[in-house]
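*Asks:* pasting the sequence and the predicted model now:
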Amino acid sequence: MKEKINMIDRFKWSLNPKKYIYLAKDKLGKAFLYLFVLATIFGLFQGITVVSTIGVIEDVISKAYQDGKLNFEMKNGLLDFEISPYKEEQGSTVLLVDTDKTVDEIDSLRNITVHKDLSTVILKDGIVIKNGSEEIVYKYADFGLDKVNFNNEVIDIFIKELSVIKYFMIPVIIIIKFIDMLFYSFMMSLAGMLSMLFNKQRLSYGNIFKLAMYSITAPTLLGLILPLGKYTMFIGGLILIFGINFVVYDDIIKVNKDNM
């Protein structure tokens, strides 16, 4: 084994359970550093994508506002657009405004949004955002907008603020990514502890948690192209268990050789 393992080696070995024999001998602090670097890289990628997406939405809203198409009034948590329904498309992105419908009626608009990678649907009582396979629903009342009344004059302020605020999303996403990966690693480490019940040899929890931080690499990579969701822990957990078995097997072989 090398005296010093670089980040590239850690990345390659984290994808191969047979190499966990070497990663198990690494320091716990190095595993934390690796996870943070990994979270920074993937978080930066996701952050740039989000900023780019927000930029597209910003351009669409700004154009519609300047054309006088976004005259509206928010009263008692219910939105009323002067021109509704209204649709603005730009590539794989669509902004749809239909204040004649509520969030509960979003299915009636699927034929407009289903073929878009990103869709923002502004409805009478809330907003529905679809990004790939993920859909998020916000009701105006959830943000206390049912207690205030305002009109389209706030759009001008919103656009100016959004042009600056969107860039702060990148460090926020990196931090959230790191916390998520730590959480997944912790949950997978519990699965690793359970797998130890079937082995005569024992690894410390510190070693198992350390390997769990490496085993999150593969599902994180897959998550860039597939919406894994809860399967992130399942895939990472399987890799971790295989990795632990190789570490334990290696220790058993060494013990047998020492006794010969």
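*Replies:* All right, it came through fine.
*Asks:* mind listing what's buried in stretch 114-132?
*Replies:* If you call a residue buried by 16 or more other CB atoms under 10 Å, then stretch 114-132 has these buried ones: 116, 118-131. Quick note: C-beta positions are derived from backbone N, CA and C, even for glycine.
*Asks:* cool, stretch 217-237 as well?
*Replies:* 217-220, 223, 228, 232-233, 235-237.
*Asks:* and those residues, which two are furthest apart?
*Replies:* Gly223 and Gly237 (14.8 Å; CB to CB).
*Asks:* how near is the residue nearest to Thr40 when sequence neighbours are not counted to Leu197?
*Replies:* Computed as CB to CB, 6 or more residues apart in numbering, the closest residue to Thr40 that is not its neighbour in sequence is Ile174, at 5.4 Å. Going from Ile174 to Leu197 by CB to CB, to the nearest Å gives 36 Å.
*Asks:* quick one, which of these two is more surrounded?
*Replies:* Ile174 (20 against 7; other CB atoms under 10 Å).
*Asks:* need the strands for this structure, in chain order.
*Replies:* Taking DSSP state E as the criterion, the chain carries its strands at 72-75, 78-81, 86-90, 93-98, 118-123, 126-131, 134-139, 150-151.
*Asks:* dump these to TSV, plus mean pLDDT.
*Replies:* Below are those laid out as TSV (pLDDT from 0 to 100):
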stretch	mean pLDDT
strand 72-75	83
strand 78-81	86
strand 86-90	81
strand 93-98	87
strand 118-123	88
strand 126-131	85
strand 134-139	80
strand 150-151	76
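*Asks:* closest one to Tyr205 among the ones you listed?
*Replies:* Of these, nearest to Tyr205 by CB to CB is strand 134-139, at 33.3 Å.
*Asks:* for that closest one, packing partners?
*Replies:* strand 126-131 (3 or more CB pairs under 8 Å, 6 or more residues apart in numbering; DSSP states H and E).
*Asks:* tell me the strands beside the strand it packs on, with direction?
*Replies:* strand 118-123 (antiparallel), strand 134-139 (antiparallel) (DSSP bridges).
*Asks:* got those strands as a markdown table, with distance to Leu35 columns?
*Replies:* Below are those laid out as a markdown table (distance: least, CB to CB, whole Å):
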| stretch | distance to Leu35 |
| --- | --- |
| strand 118-123 | 29 |
| strand 134-139 | 23 |
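*Asks:* returning to what we had before: test my guess that the residue nearest to Thr40 contacts Ile41.
*Replies:* No - at 9.1 Å, Ile174 does not count as touching Ile41 under the criterion of CB atoms under 8 Å.
*Asks:* ok so, going back, between the strands paired with strand 126-131, which gets nearest to Ile159?
*Replies:* strand 118-123 (14.6 Å).
*Asks:* could you check the angle strand 126-131 makes with the top helix by length along the chain?
*Replies:* Across the chain, the longest stretch assigned as helix under DSSP state H is helix 28-66. Using axes from the mean of the first three to the mean of the last three CA atoms, to 10 degrees, the direction of helix 28-66 lies 120 degrees away from that of strand 126-131.
*Asks:* so how far is helix 28-66 from its chain's centroid?
*Replies:* From the chain centre to the centre of helix 28-66 is a distance of 10 Å (CA atoms, centre = their mean, to the nearest Å).
*Asks:* cool, and stretch 27-44?
*Replies:* With CA atoms, centre = their mean, you get 16 Å for stretch 27-44.
*Asks:* what lies in contact with it?
*Replies:* 5, 7, 10-11, 14, 23, 170, 173-178, 181-182, 185, 206, 209-210, 213-214, 216-217, 220, 224 (CB atoms under 8 Å, 6 or more residues apart in numbering).
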